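got a sequence here, can you model it:
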Amino acid sequence: MNQQDHIVKSFDSELSRLYGEIQQMGDLAMAQLNAAVDVLDRRDSNAAARVVANDDAIDILESRISSDVLTLLALRQPMARDLREVYAALKISADIERIGDYASNVAKRSIVLNNSAAIPATARIGRLAKTANLILADALRAYQTSDAELALKVRDADAELDGQYTSYFRELLTYMMEDPRTIGQCTHLLFMAKNMERIGDHATNIAENTWFVVHGEMPEGERLKNDHTAE
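Reported below is the predicted structural model:
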């Protein structure tokens, strides 16, 4: 093996490790979101506190990926698609870190909600989380397999999550108007629902960066949006 082949093989190995770390991050973030909704349903404050504490693992991975990216840039000086892959890894790891934060926020608010009586509207958080996690799973699969077409589907699917969020937002407003005693609980649920909507946005960022890696440019046109809560 000549020196050039050795360099190429070494870079491929380092890039593969980077992809593996991002997949590990994504798996952790999805598990965190599922766990956050589970402890909300069970009204288990101790388990919710563990979900919050587990966010550190995602933060550590994100820091490791940032360090690996800087090392790759400094030592390998990648060009063209190689450079796009390294750059996208940095962006995508930051998106996953934020997703982990949102899952942690849901768990934190569930602890506060446990101090009040349960209300039926809480159940819809789980549906929002399921949609958000499906979008995230597709975004991560598109990235790992360089599937640009799946990435575009993720970009469009985010509008469905927006629509669910808008519907739930209006339901909670009606709930609060009909029974002002639920304003405290509904306010926390509104913030939780917004966390879910933002998770969809970050999953869409991952999808757009996947398209960028494959095609060297961002997708054309505006994202489909179906969030009408400001209207």
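
and for Arg124, the neighbour number?
By other Cβ atoms under 10 Å, 16 other residues sit near Arg124. (C-beta placed from N, C-alpha, C; glycine too.)

that one touches Tyr168, doesn't it?
Yes: using Cβ atoms under 8 Å, Arg124 is in contact with Tyr168, at 5.3 Å.

now the helix ranked longest in the chain: buried residues?
Selection of the longest helix in the chain by residue count, based on DSSP state H, yields helix 3-42. Buried residues in helix 3-42, counted by 16 or more other Cβ atoms under 10 Å: 11, 15, 18, 21-22, 24-26, 28-40.

what of stretch 168-177?
Buried, per 16+ other Cβ under 10 Å, within stretch 168-177: Tyr168, Phe169, Leu172, Tyr175, Met176.

export those residues to JSON lines and tack on secondary structure and pLDDT?
Output for those, formatted as JSON lines (DSSP: H, G, I helix; E, B strand; the rest coil; pLDDT from 0 to 100):
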{"residue": "Tyr168", "secondary structure": "helix", "pLDDT": "96"}
{"residue": "Phe169", "secondary structure": "helix", "pLDDT": "96"}
{"residue": "Leu172", "secondary structure": "helix", "pLDDT": "96"}
{"residue": "Tyr175", "secondary structure": "helix", "pLDDT": "94"}
{"residue": "Met176", "secondary structure": "helix", "pLDDT": "95"}
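
and of those residues, the nearest to Ala207?
Tyr168 (23.2 Å; Cβ to Cβ).

mean confidence for the longest helix of the chain?
Averaged over helix 3-42, pLDDT sits at 85.
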